[in-house]
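>>> coords below, sequence missing:
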């Protein structure tokens, strides 16, 4: 029963955040009652964290500097706007909530996609195989047309021979 529950996929849904509220409640109850579920959940979370760490892509080198500069610029701009319109008895900018969401554009230095060298050979092999399969398709298409033509000629010959007899 417990192993079926563990293998049902609810743990994966919970870890990825796609479980419904009832599934979350059920999982929390099962986790409290059965230590196997808790252990399986901890192992799954560790595995997901390991995979995320292995598949992580490093941002471009100056990304943090760009974000920091943009934040500083936004803070200075908001400080100037607030101080322009704030009377002396009004609260400072630290107590004023931001007017709305502010987005920081982050752009990589290159628009080229990097591919592992092993995948380059796979792409090359797929390309070559595609050309080979195209050549075979054309060859067999032409052979089929020729066979159809010969078959039609044989049919007409047989009909002519039947007509003579």
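Everything's here; your move. Remember, it's a predicted structure, so these values are computed and weren't measured experimentally.

>>> Next, residue 61: secondary structure please.
Secondary structure, DSSP: H, G, I helix; E, B strand; the rest coil: residue 61 is coil.

>>> That should have said residue 19, apologies.
Put simply, residue 19 is coil when judged by three-state DSSP.

>>> Need the three-state assignment for residue 26.
Under three-state DSSP, residue 26 comes out as helix.

>>> Mean pLDDT per helix and strand in the protein: which one sits at the bottom?
Lowest by mean pLDDT, DSSP states H and E among the helices and strands of the chain is helix 2-6, with a mean of 76.

>>> which residues sit against it?
30, 34, 36, 37, 40 (Cβ atoms under 8 Å, 6 or more residues apart in numbering). Glycine gets a C-beta too; all of them are placed from N, C-alpha and C.

>>> neighbours around residue 67, how many?
For residue 67, the neighbour count with other Cβ atoms under 10 Å is 14.

>>> can you give me the mean pLDDT across the one helix or strand it maps to?
Per DSSP states H and E: residue 67 is located in helix 63-85. Taken as a whole, helix 63-85 carries a mean pLDDT of 81.

>>> Could you point out the helix or strand that follows it?
Taking DSSP H and E as the definition, the helix or strand right after helix 63-85 is helix 117-164.

>>> Of all residues in the protein, which one is nearest the centre?
Closest to where the C-alpha atoms of the chain average out (Cα atoms, centre = their mean) is residue 55, at 11.7 Å.

>>> and the gap between it and residue 118?
Distance of residue 55 to residue 118, given as Cβ to Cβ, to the nearest Å: 15 Å.
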